[in-house]
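Asks: after the sequence you'll find the predicted model.
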Amino acid sequence: MRTVAYSEVLQLVSELAGITYTTLPTELALRLRGHISRRFRLAWEADYWPELMRVEERLYRGAWAAGTTYTAGTEVFYRGNTRAVNSYYQALRSLPLTVSSLTRVSTAATATTSAAHGLTTGDLVTITGAAETEYNVTATVTVLSTTQFYYTILGTPTTPATGTIRCTPNPVNDSGTLNLGNWYPCQGSYTGNDWATSTTYAIGDVVRYGATGRYYVCITANTGALPTSSSFAVLTPFDKYIAYEQTGQTALGEVRDLYSTQPTVNRRFSVPNWTLSSNGVQVPDGPASVWVEYRTRFVPLTGSDWVNGTLYAVGDQVLYNSSGSIKNFYTCLQTTAVVAPSNTSYWAMVEIPYVFQPYLVMGAYADYLRMDGQMDKAIAQERLADEYLAGELQKLHTSQPQYQRLEIVRAY
């Protein structure tokens with residue numbers, strides 16, 4: 001995207017106001033910054049500018065990752081094998097499990113967990129954290145007791161293993177069998193018989209408990225244990241939505257549409273029904289993942305000059321002299337006190353599209369005139385600013401019209 005430096009916009013506004021840019025008073029510079037920022041937002045949200053649009057695949061929940069801390073009830077996306085591709089699962093207990101002891105005899109590694117593991121023979125687990133890396137594998141287990149299992153490894157690492165060792169049960173094994181002692185498939189609703197005190201329940205059995213009106217799944221075989229006890233886990237109906245802010249993803253601004261496949265390379269897509277809510281983009285009947293076409297979120301220009309030694313947190317914004325007299329705003333990506341905004345690992349520049357420049361300059365100058373009481377001149381400059389913006393919109397829709405075309409597949 002072709003961009004323009006913030007300092008260039010500020011300089012043009014100050015020159016229109018008859019003020020030498022190099023001697024621009026700090027108070028006036030701050031006031032003009034506010035005018036430019038407000039105009040920036042008006043231009044940003046005036047249309048779906050190609051420079052600001054993104055098309056990205058999004059999940060409803062974060063992807064499962066071995067070693068990640070999950071509390072009971074956490075929902076994850078798991079793509080582990082061909083039989084369970086694109087599925088969501090709910091954690092039934094706190095994960096990962098702490099491995100208190102990990103020993104080896106020949107190729108058999110025996111793990112002892114500090115709490116009941118909920119595994120059955122044939123389940124798949126991923127071991128992490130062992131200093132002897134041969135132990136850190138994804139493997140099928142053979143259960144020895146409620147807190148012990150073994151799996152096969154390669155090599156002859158030192159025994160016992162050392163380090164902070166964790167065991168994360170995979171939701172599904174390579175044969176497509178669910179790990180029902182630790183995970184349950186996410187569903188919009190659940191069914192099960194009413195809980196009865198005299199019934200013996202096995203791992204994976206689902207019951208409805210009249211006292212709460214909710215559904216629970218058995219994670220430890222029992223007879224008579226209440227559904228609200230540690231022998232059961234509550235099942236939460238799966239609310240299928242894409243959050244406006246997701247870890248590792250660009251925050252969503254205005255959503256234009258959703259697609260079943262990537263529309264930029266595949267014309268055979270469908271458009272699932274979706275609505276917006278306080279949670280995000282609701283896609284009740286959508287596929288496991290969708291492609292979202294959206295406008296990136298506007299970032300107001302509020303930062304002060306970057307000062308070396310000042311602690312900046314994620315999301316903080318600064319104004320930085322990047323080259324000569326050129327200044328731009330930067331958003332902090334990683335907490336730092338010494339790394340300059342020129343480092344793209346720690347900072348991201350707030351880009352101002354080149355096509356906005358005339359509107360920002362004339363619009364901010366009109367606001368300056370209005371604040372100065374020069375209403376007649378402000379009206380004239382306002383009109384000129386609107387003409388500049390209208391001209392860019394005309395280019396977008398008339399000179400280079402864009403149409404979304406679906407490919408119709410016919411069966412004869």
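Replies: Structure's in. What do you need?
Asks: show residues contacting stretch 272-291.
Replies: 55-60, 77, 85-88, 188, 239-244, 252, 255, 258-263, 269, 292 (C-beta atoms under 8 Å, 6 or more residues apart in numbering). From N, CA and C alone the C-beta is placed, and that goes for glycine too.
Asks: now with 6 Å, please.
Replies: Stretch 272-291 is contacted by residues 55, 57, 59, 86, 240-244, 255, 258-260, 262 when judged by C-beta atoms under 6 Å, 6 or more residues apart in numbering.
Asks: and what of stretch 155-173?
Replies: Stretch 155-173 is contacted by residues 66-67, 78, 80, 84, 89, 95-97, 99, 102-104, 123-132, 134-135, 178-179, 182-183 when judged by C-beta under 6 Å, 6+ apart.
Asks: strands of the stretch 301-412 of the chain, residue ranges please.
Replies: Taking DSSP state E, counting those that start in this stretch as the test, the strands found in the stretch 301-412 of the chain are 304-305, 317-323, 326-332, 347-349.
Asks: what strands line up against the shortest one, and which way round?
Replies: Spelled out, it's strand 304-305. With DSSP bridges as the test, strand 304-305 is paired with strand 317-323 (parallel).
Asks: and the angle from the strand it pairs with to strand 326-332?
Replies: Interaxial angle of strand 317-323 relative to strand 326-332 (axes from the mean of the first three to the mean of the last three C-alpha atoms, to 10 degrees): 140 degrees.
Asks: which stretches of the stretch 1-150 of the chain form strands?
Replies: When secondary structure is read from DSSP E, counting those that start in this stretch, the stretch 1-150 of the chain shows strands at 53-59, 75-78, 87-91, 97-105, 108-113, 124-130, 138-140, 142-145, 148-152.
Asks: OK, contacts around the spatially most central residue of the chain?
Replies: Central residue of the chain (C-alpha atoms, centre = their mean): Gln246, 1.7 Å from the mean position. Not one residue lies near Gln246 by C-beta under 6 Å, 6+ apart.
Asks: tell me how far it lies from Arg214.
Replies: Going from Gln246 to Arg214 by C-beta to C-beta, to the nearest Å gives 28 Å.
Asks: ok, now Thr168?
Replies: For Thr168, the distance to Arg214 equals 27 Å [C-beta to C-beta].
Asks: what residues are up against Ala46?
Replies: So Ala46 contacts nothing (C-beta under 6 Å, 6+ apart).
Asks: how about 7 Å then?
Replies: 389, 393 (C-beta atoms under 7 Å, 6 or more residues apart in numbering).
Asks: touching, Ser260 and Phe269? I think so.
Replies: Yes - between Ser260 and Phe269 there is a contact at 5.0 Å, judged by C-beta atoms under 7 Å.
Asks: and those two? Which one has more around it.
Replies: Neighbours around Ser260 and Phe269, counted as other C-beta atoms under 10 Å, are more numerous at Phe269. The numbers are 19 against 16.
Asks: helix/strand/coil for that one?
Replies: Assigned with DSSP: H, G, I helix; E, B strand; the rest coil, Phe269 falls in the coil class.
Asks: this protein - how does it break down into domains?
Replies: Here the domain assignment for the chain is 6-52+299-399, 53-60+240-296, 75-183, 187-234, based on automatic domain parsing.
Asks: end to end, how far does the shortest one reach?
Replies: Separation of the first and last residues of domain 187-234 by C-alpha to C-alpha, to the nearest Å is 13 Å.
Asks: centre of the chain versus that domain, how much separation?
Replies: Computed by C-alpha atoms, centre = their mean, to the nearest Å, the chain-centroid distance of domain 187-234 equals 33 Å.
Asks: cool, and the longest one?
Replies: From the chain centre to the centre of domain 6-52+299-399 is a distance of 28 Å (C-alpha atoms, centre = their mean).
Asks: what's the mean pLDDT across it?
Replies: Regarding domain 6-52+299-399, the rounded mean pLDDT is 95.
Asks: just name the most buried of the domains of the chain.
Replies: domain 75-183 (a mean of 18; mean count of other C-beta atoms under 10 Å).
Asks: next, the distance between the ends of it.
Replies: End-to-end distance (C-alpha to C-alpha), domain 75-183: 9 Å.
Asks: now do stretch 144-162
Replies: Start-to-end span of stretch 144-162 (C-alpha to C-alpha) is 22 Å.
Asks: ok, stretch 90-108 next?
Replies: Stretch 90-108: ends 30 Å apart by C-alpha to C-alpha.
Asks: which residues touch that stretch?
Replies: Contacts of stretch 90-108 (C-beta under 7 Å, 6+ apart): 67, 70-75, 109-115, 117-118, 130, 135, 150, 152-153, 157, 159-161, 165-169, 182-184, 186, 217, 219, 233, 235-236.
Asks: these in helices, which ones?
Replies: The helices, defined by DSSP state H, take in nothing from the contacts of stretch 90-108.
Asks: Gln334: what's it in contact with?
Replies: By C-beta under 7 Å, 6+ apart, the contact list for Gln334 reads 314, 345-346.
Asks: closest to Gly324 out of those?
Replies: Using C-beta to C-beta, Tyr346 is the member of the contacts of Gln334 that sits closest to Gly324, with 21.6 Å.
Asks: part of a strand, is the residue nearest to the centre of the chain?
Replies: No - read with three-state DSSP, Gln246 is coil and lies in no strand.
Asks: show me what contacts the closest residue to Gly315 other than its chain neighbours?
Replies: Residue nearest to Gly315 in three dimensions, not counting chain neighbours: Cys332, with 6.3 Å by C-beta to C-beta, 6 or more residues apart in numbering. Contacts for Cys332 (C-beta under 7 Å, 6+ apart) come out as 312-316, 346-347.
Asks: since that was my last question, I'll sign off now.
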